[in-house]
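take a look and give me a structure for this.
(one chain, ligands or ions: 1)
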Amino acid sequence: METVVSGIRPTGNLHLGNYFGAVKNFLKMQHDANCYFFVADYHSLTTHPHPDNLNASVKQVLAENLACGLNPEICTLYVQSDLPEVAELYLLLNMLAYTGELERSVTFKEKIRKDPNNVNAGLLTYPVLMAADILIHKAAKVPVGKDQEQHLEFTRNFAVRFNHLYGVEFFPQPVAYNFGVQLVKVPGLDGSGKMGKSEAEGNAVFLIDEHDTIKKKVMRAVTDSGPTEPNQPKPEAITNIFTLMKLVSSNDTVQHFEDAYNNCTIRYGDMKKQLAEDMNIFIAPIREKIKEISSDEKYISKVVREGAEKAHESARKTVQEVRNIIGMRSF
Ligand code: AMP
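Sure, this is the predicted structure:
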């Protein structure tokens, strides 16, 4: 089985965009590959979160991913900072990374543009830490979106440089994991673009949202005055509502509203009411599971302890071999 590594950011709650765009694929991937999932808490330090917030976010993101169905019996789920070998490999790989190439990273340039007062070295060397996360398990594949392709390129460059410098065939050159399905883009409720936590309030429906909140958000979703002629193409905001409905409602329900749209009898209020109900039916069991897991400290601590143990095995082996190749041998 191929080894796959994927990071989970401990920032904010999961929304339906995360679920259908990423988590759902991870649930399948954990059966198809030897998966390592880690909560990227070292990475999140570039923005200096408050210690209490960091701890709470790590716990929450674990609870939410477990509630969705990540199964620690099948995959390896751990917290990045529980694996100090990652920090060591990061240090060693830093010797092979050129500041020039790191400065040319699209994400780095974007970050310093957005926050010019916090250009720390951790931000610059983010791709090196990401390479360490991946290479520590000698992963062959990484499930990345388009925006992360460049980071994966960095990982391959560092791997090749290491192999070349020491004349070994040690690190693989990881490539993007292909889910074998078209990646969905889940629209937000504000009439355009993507569902995302940093967008306008009410744009995202979170997996922890209660029924009332879901109803309020969905009922406020942008629509228009409705079609005036049969079989008109749909404006973007309306397409978005249909796209969301296709994710959580039955085919019959979707067809009912498609027909109503095409013969101009659609009432968006009814459609949104139905969408809110179906979203709640979809979210409710996950929401309850999140509550159950977040209140079970013992279970979470068992999961991360056992996850770290499993992850340690391959991390220790990799770092020992790397030390040996570099010449850091015991006397
Ligand atoms: P983020 O919450 O922005 O850290 O996103 C984590 C991952 O969730 C991304 O890499 C995407 O795979 C997925 N994702 C986030 N928002 C959406 C969305 N609106 N539609 C599809 N996938 C999404």
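
tell me which element the residue lying closest to L45 once chain neighbours are set aside falls in.
Residue nearest to L45 in three dimensions, not counting chain neighbours: G122, with 6.5 Å by C-beta to C-beta, 6 or more residues apart in numbering. C-beta here means a position set from N, CA and C on the backbone, and glycine is covered the same way. Taking DSSP states H and E as the criterion, G122 maps to helix 121-124.

which SSE is immediately downstream of that helix?
Sequence-wise, the next helix or strand downstream of helix 121-124 (DSSP H and E) is helix 126-135.

burial count for L207?
Other residues near L207 come to 20 when the count uses other C-beta atoms under 10 Å.

same deal with A139?
Count around A139 with other C-beta under 10 Å applied: 25.

okay, it: pLDDT?
For A139, the pLDDT comes out at 98.

skip the chain neighbours and tell me the closest residue to it.
A139's closest residue in space is V5 (C-beta to C-beta, 6+ apart), at 4.2 Å.

and the strand or helix carrying that neighbour, what other elements does it pack with?
If you go by DSSP H and E, V5 is part of strand 3-8. With contacts taken as 3 or more C-beta pairs under 8 Å, 6 or more residues apart in numbering; DSSP states H and E, strand 3-8 sits against strand 34-39, helix 126-135, strand 141-142.

can the shortest one be found next to the ligand?
Right, the one you point to is strand 141-142. No - using C-beta under 6 Å from any ligand atom, strand 141-142 stays clear of the ligand, with a minimum separation of 11.5 Å.

may I have the helix or strand hosting T243 as PDB, with CA atoms only?
Per DSSP H and E: T243 is located in helix 236-248. The C-alpha trace of helix 236-248 is given here as PDB (Å, rounded to 0.1, in the frame of the first residue of the first chain):
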ATOM      1  CA  GLU A 236     -24.600  32.100 -10.100                       C
ATOM      2  CA  ALA A 237     -26.400  32.600  -6.700                       C
ATOM      3  CA  ILE A 238     -29.200  30.200  -7.700                       C
ATOM      4  CA  THR A 239     -26.700  27.600  -9.100                       C
ATOM      5  CA  ASN A 240     -25.000  27.700  -5.800                       C
ATOM      6  CA  ILE A 241     -28.200  26.800  -3.900                       C
ATOM      7  CA  PHE A 242     -28.800  23.900  -6.300                       C
ATOM      8  CA  THR A 243     -25.200  22.800  -5.900                       C
ATOM      9  CA  LEU A 244     -25.600  22.800  -2.100                       C
ATOM     10  CA  MET A 245     -28.900  20.900  -2.400                       C
ATOM     11  CA  LYS A 246     -27.300  18.200  -4.500                       C
ATOM     12  CA  LEU A 247     -24.800  17.500  -1.700                       C
ATOM     13  CA  VAL A 248     -27.400  16.900   1.100                       C
END
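
give me the residues contacting the strand holding V5.
Contact with strand 3-8 is made by 26, 29, 33-40, 43, 61, 65, 80, 130, 133-134, 136-143, 174, 177, as judged by C-beta atoms under 8 Å, 6 or more residues apart in numbering.

kind regards, and thank you for your time.
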